[in-house]
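Q: Make a model of this:
(2 chains)
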Amino acid sequence: MGKGLTWSIFDNVNEFLKKGYKGGSMDEVAKLFSDELGAEDVAVFVYEKPKDSFRLVGTTNEKLKDRVGELKLKNLKFVNELEAYKIYDISGKMPDSMPEDLHFLLKLSYKNELIGVVFLKKAEVHTDKLKGAAIDLSMALRFLAKYIQLEDHLKKYTLLGRFTDLFEKTFEEIELMKGVIEIALDVLEAEAGVFAKKTEGGYEVKIAKNVKIKNDFIPFDHPLVVEVESSEAILYTKSKINTLALDEIVDLHVKSMMASYISTQSKAEYMIILFNKKEREGYRPYKHFDDIDLSVLREISKRYSLACSRLQYYKQIKDEVNKLEELRRKHEDLISVLRQHISKLNSVYVISQAMRSSYNITNVYKILLLGVTSPRGLDFDRALLFVKDNKRQVLVAKMWAGFDSIEELENHKKKSNQRSLRYGDLVQYFREEALVLDFSKGLTKKIEGRVIHYKGHPILERVVLRKKIYHVTPNLVKRSTKDIYDIVEFVGTDDFVIVPLVGRWDTIGVVVLDNKLTKKPILDMDVEILKLVSESAGLAIENALNYEDLKTKTLSLERQKNLIDYLRKFSESILQNLDISVVVVDEGGKILEWNRKAEQTFGRPRENMIGTPISWISPEFEDIWAVAAKVFEMREVLYLSNYLLNISGEEKFFDIKFSPLWSVDGRKIDGIIITFEDVTTRYRLEQERKRQEKLAALGEMAARVAHELRNPISVIGGFLRRLEKHLDNKELRKKYLDILHSEIERLEGIVNEILEFSRDFKKLDFSEFDIVELVREVYLLHEELLEKKGVEFEVITDKSNIDIFADRSRIKQVLINLVQNAIDEVPQKDGKIRIVLEEEEEKVRIEVWNNGKPIPPDIREKIFTPFFTTKVHGTGLGLPIAKKIIEDEHNGKIWVESSEDRGTSFIIEIPKEKGD
Amino acid sequence: MGKKVLIVDDEPNMRLLIREELEEMGLEVEEASNGEEAIEKFQKGNFDLVTLDIEMPGMNGLEVAGKLREIKKDVKIILLTAYSHYKSDLASWAADSYVVKSMDFTELKEEVRKLLNS
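A: You can find the predicted model right below:
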């Protein structure tokens, strides 16, 4: 029997949930209940906790029937005192709205929770069935309440789902607002809604849904704005609603309303307002918005705010990506210019080396012309060499490297490029290629032996006598008078450079360079570089000429019959004609020999120097004598290279060689031969080259940054495109968005590390703390990971605490970095990490050791260099940042020790007190 | 029959991106995350084309290109890099083509199409 009642009750409650009060299904329940107990007439009320009132849900009483769902009883406080499932007579306390004959009351409760009350006509009921029926009814009503609560939860969940969907699809603010208000209306069952955005002086209505707007601007002093801004979220029902003056804004009879204020990261502020709860068919405890609705609205506001940030972030990233692309292009252009410059500087150096390596003057000329025209040299199309004839004051055309047609030129370039690739050493290539090349044909044939007067010539005089480089341009040719036409006609183009070949004293000749065939422009940079060629090539040619001269003299001497005299003169001649200063000193430092070059270099005549102690010349020579004296002791050759000497106020660099002058029997050292080779030009060239390389390295760093950023950017860009293409496919969209998020995070991570690396360390926060405790803290951070990887971890120290004065969070960052690296490096099995802490007098030493593979020496050198990484994931800034923190910020030291048998240790030393 | 392409790149997302772009062209695609893996896979499968990232931990793309050529002389190789200044030096001997990574994958697809049709 009881079962039958239970089922009927639940059946009807279920029906009630679907149809609401009007279906009368709760009346059915009331009837069942009344029949079961024989109570004649009953009225069932449900307790609505938020309002502390009872609502009539079903009855058998004819007078009450049409008030089902509407009749509410308040002031039944005494019910709390009553016992459940018992019938009380409440004649004296009957509410006015109840028929007087129903004055018996039964309290319904479930697990001590008040569920409702039943009013009955008769107290004498089937008492044996009373408790069972009351519990059944309580349970059914309780189920009803629970169901509605669950439905509210469900609402929230669906709401979240719908928002995610909306946020993924929407990239425009107004669209987002529209979507949000639609979902809010739907979920909160509101009749109408308004979305407004803060502007100057008030809020502007952006979206109005299901409502006519009277005024789309709500000023700050409007009561609605005042209320919403002061309490973030408001919920008003009938009684107080007039105070909000909503009729100024919307054309609607407002019975209840809620509003929420929204602020976003981008500083934009909004207000979302909902009006009137919609009627619905099924059972609902209230007619108006309630606190649950308000909390849902708050949830919506929060989500909207997040979505706005995301929207903004998305836009920023897009801008950022474009900016970075732009930046990268600029960097790359700069680097490529620097690269060209360096490679050309290098070529000049190589060309001059190659020229110096030959003593045959024709070969020296050929090397020069080859060097300036080779693609591996300065890469001009053509080079025409004139040699100066001092007697006739003319330039005599000697050789012309180049071709008549571009086809020939390219063909030649291709072939010589292939040959050049066989040489690792460019100097050797230039030297050997010059031997093979035959310049006597082709262009040379047209001009060989022809002369041009330079005296009085508007351009050539400047080039030859004042040793200036001259760039003849088409504009210049157009503007100038006829007297430069001879050289223009000679060369056959109106864009070329004339470079003097400058020797020690005088101009030896000129080279004319052009790009007639390829029409490449001749840049200022090229002219700058040619200045270097002008000097170094001149000197090389002069050397070769001197050598030739010497050879001629030698030949004539050879004919002399007195062999001894010949030999003496020969050696004397060599000594005196040598292009290096030669000084010979005896054991006491007295000068035995001082050749002609030494006279020129040091500006002191030979006759004054012979017999003078070398150390008397100047303090610098005291040092030189000290080195020379060592040679007596060590009996071997000593060198000083790039040695700076101040010669009459001018800084000059020398390669100095000290060789023993052995006695005839080879046992004794009679003196020391000191040779001074002036390498100032070479030295300066090298310095310049080094400086340029450094500049390039800076560019390289920028390029690395650009490169690090480029990978995620390419991926982001690629997937953005794919996203655009597959916007309709929900699954792909989700996948791409996930990838985009992770790549954007990564990009952000890289950017942060770069910022971190370039961070100004004035913002350090020094304090005294216990480093032992910090190590433990770092261990705890990694405990889970260490356990998961099965790594044995140990901290060794004989102190319970070591206080140091440093920036705690920065040191922590370093330790985390080292421990993480160690975890990455240990082997899969039997991984071990150990941290050893040692306190020394003024510093603390921390060693982070792991038993992973040793770091090879070549890599060990680079690990502290920015962007050097062996890991797949990592920016390569971890260790550089650690180094910066320890060495730059804390005046400490960090280094690595690594070997096959001992594993790898990163060792840090930090001063206990703050260093300077 | 669909042609086979091997994608070698240490970045999983970059691989995925190239894979999706190439699969849309009707190509059969496999991936390798480093040089060693690439050589191993290359020996087993008969690939018509390889896209190779230059900057990878361990063996770099140029070394890998050399090894792949030893295994199969006529394989088409496209080098991919985030740098653009390798271009002049390397395009000629290490690979058949050279593409700078950018936000636009049209160039890569164009190169793949060109090389597979030649």
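
Q: drop to CA atoms for contacts and neighbour counts, all remaining ones
A: Fine.

Q: wouldn't residue A:268 be in contact with residue A:198 here?
A: Yes. Under the criterion of Cα atoms under 8 Å, residue A:268 makes contact with residue A:198 at 7.1 Å.

Q: Compare these two and say which one has the larger neighbour count.
A: With neighbours defined as other Cα atoms under 10 Å in any protein chain shown, residue A:268 and residue A:198 compare such that residue A:198 has more, 20 against 14.

Q: Surely the more buried one forms part of a helix?
A: No. Assessed by DSSP: H, G, I helix; E, B strand; the rest coil, residue A:198 does not belong to a helix; its assignment is strand.

Q: gap between it and chain B?
A: Separation of residue A:198 from chain B (Cα to the nearest Cα, to the nearest Å): 37 Å.

Q: ok, now residue A:792?
A: Between residue A:792 and chain B the distance, using Cα to the nearest Cα, works out to 28 Å.

Q: Count the neighbours of the closest residue to that residue other than its chain neighbours for me.
A: Spatial nearest neighbour of residue A:792, excluding adjacent residues (Cα to Cα, 6 or more residues apart in numbering or on different chains): residue A:832 at 4.7 Å. By the criterion of other Cα under 10 Å, residue A:832 has 21 neighbours.

Q: and if you look at residue A:765?
A: When counting by other Cα under 10 Å, one arrives at 12 neighbours for residue A:765.

Q: ok, back up a step: doesn't residue A:789 make contact with the residue nearest to residue A:792?
A: No. At 10.4 Å, residue A:832 does not count as touching residue A:789 under the criterion of Cα under 8 Å.

Q: ok, back up a step: in contact with the residue nearest to residue A:792, which residues?
A: Applying Cα atoms under 8 Å, 6 or more residues apart in numbering or on different chains, we find residue A:832 in contact with A:791-793, A:826, A:850-851.

Q: And the next helix or strand past the one helix or strand residue A:132 maps to?
A: Secondary-structure assignment from DSSP states H and E places residue A:132 in helix A:127-169. The C-terminal neighbour of helix A:127-169 among helices and strands, as given by DSSP H and E, is helix A:173-188.

Q: Buried residues of that next one, list them for me.
A: Within helix A:173-188, the residues that count as buried by 16 or more other Cα atoms under 10 Å in any protein chain shown are A:176-181, A:183-185, A:187-188.

Q: Stretch B:30-44 now?
A: B:30-35, B:38-39, B:41-42.

Q: What strand or helix carries the closest residue to residue A:80 other than its chain neighbours?
A: With Cα to Cα, 6+ apart as the measure, residue A:114 is the residue that lies nearest to residue A:80, at 7.9 Å, once sequence neighbours are left out. Assessed by DSSP H and E, residue A:114 sits inside strand A:113-120.

Q: other SSEs contacting that strand?
A: In terms of contact count using 3 or more Cα pairs under 8 Å, 6 or more residues apart in numbering or on different chains; DSSP states H and E, strand A:113-120 is assigned the packing partners strand A:42-48, strand A:104-110, helix A:127-169.

Q: Next one: the residue nearest to the spatial centre of chain B relative to chain A, how far apart?
A: Nearest to the mean C-alpha position of chain B, by Cα atoms, centre = their mean, lies residue B:51 at 0.7 Å. In this structure, residue B:51 and chain A are 15 Å apart, going by Cα to the nearest Cα.

Q: In which helix or strand does that residue reside?
A: Remark: residue B:51 resides in strand B:49-53, with elements defined by DSSP H and E.

Q: that older thread, which of the contacts of residue A:832 lies closest to chain B?
A: Of all those, chain B sits closest to residue A:826, with 17.8 Å by Cα to the nearest Cα.

Q: which SS state does the residue nearest to the closest one when sequence neighbours are not counted fall under?
A: Computed as Cα to Cα, 6+ apart, the closest residue to residue A:826 that is not its neighbour in sequence is residue A:852, at 4.1 Å. When the structure is split into helix, strand and coil by three-state DSSP, residue A:852 lands in coil.

Q: Tell me which residues touch residue 8, please.
A: Assuming you mean chain A. Residue A:8 sits next to A:29, A:32 when contact means Cα under 8 Å, 6+ apart.

Q: could you do chain B instead?
A: Counting by Cα under 8 Å, 6+ apart, residue B:8 makes contact with B:15, B:31-35, B:38, B:50-53.

Q: Confidence-wise, which of those comes last?
A: In terms of pLDDT, the lowest of those is residue B:53, showing 87.

Q: quick one on the thing from earlier: turn the contacts of residue B:8 into a markdown table, including distance to residue A:102.
A: Compiled in a markdown table, these are given as follows (distance: Cα to Cα, whole Å):
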| residue | distance to residue A:102 |
| --- | --- |
| B:15 | 79 |
| B:31 | 82 |
| B:32 | 84 |
| B:33 | 83 |
| B:34 | 86 |
| B:35 | 90 |
| B:38 | 89 |
| B:50 | 90 |
| B:51 | 88 |
| B:52 | 89 |
| B:53 | 88 |
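
Q: In those residues, find the pair that's most separated.
A: Put simply, by Cα to Cα the two of these set farthest apart are B:15 and B:35, 13.9 Å from each other.

Q: if you skip the residues just before and after it, what's nearest to residue A:659?
A: Ranked by Cα to Cα, 6+ apart and with sequence neighbours excluded, the top spatial neighbour of residue A:659 is residue A:637, at 4.6 Å.

Q: what's across from residue A:400 in the sheet?
A: residue A:384 (DSSP bridges).

Q: I'd like to know how far it sits from chain B.
A: Separation of residue A:400 from chain B (Cα to the nearest Cα): 29 Å.

Q: Contacts only, for that residue.
A: By Cα under 8 Å, 6+ apart, residue A:400 lies in contact with A:369, A:382-385, A:439, A:443-444, A:447.

Q: Excluding covalently adjacent residues, which one is nearest to residue A:275?
A: What sits nearest to residue A:275 in space, not counting adjacent residues and going by Cα to Cα, 6+ apart, is residue A:257, at 4.5 Å.

Q: Could you verify that that neighbour is part of a helix?
A: No. Using three-state DSSP, the secondary structure at residue A:257 is strand, not a helix.

Q: What residues are bridge-paired with it?
A: When bridges are assigned using DSSP bridges, the partners listed for residue A:257 are residue A:236, residue A:275.

Q: Could you pull out the strands in the stretch 351-500 of chain A for me?
A: Secondary structure of the stretch 351-500 of chain A by DSSP state E, counting those that start in this stretch: the strands cover A:382-389, A:394-401, A:451-453, A:470-472, A:496-502.

Q: could I get those strands as JSON lines with mean pLDDT?
A: Below are the strands of the stretch 351-500 of chain A laid out as JSON lines (pLDDT from 0 to 100):
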{"stretch": "strand A:382-389", "mean pLDDT": "93"}
{"stretch": "strand A:394-401", "mean pLDDT": "92"}
{"stretch": "strand A:451-453", "mean pLDDT": "90"}
{"stretch": "strand A:470-472", "mean pLDDT": "91"}
{"stretch": "strand A:496-502", "mean pLDDT": "93"}
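
Q: closest to residue A:732 out of these?
A: For these, proximity to residue A:732 was assessed by Cα to Cα; strand A:382-389 is nearest, at 60.3 Å.

Q: List of residues touching the closest one?
A: Residues lying outside strand A:382-389 but in contact with it, judged by Cα under 8 Å, 6+ apart, are A:365, A:369, A:372-373, A:394-403, A:507-516.

Q: Can you check what angle separates that strand from strand A:394-401?
A: 150 degrees (axes from the mean of the first three to the mean of the last three Cα atoms, to 10 degrees).
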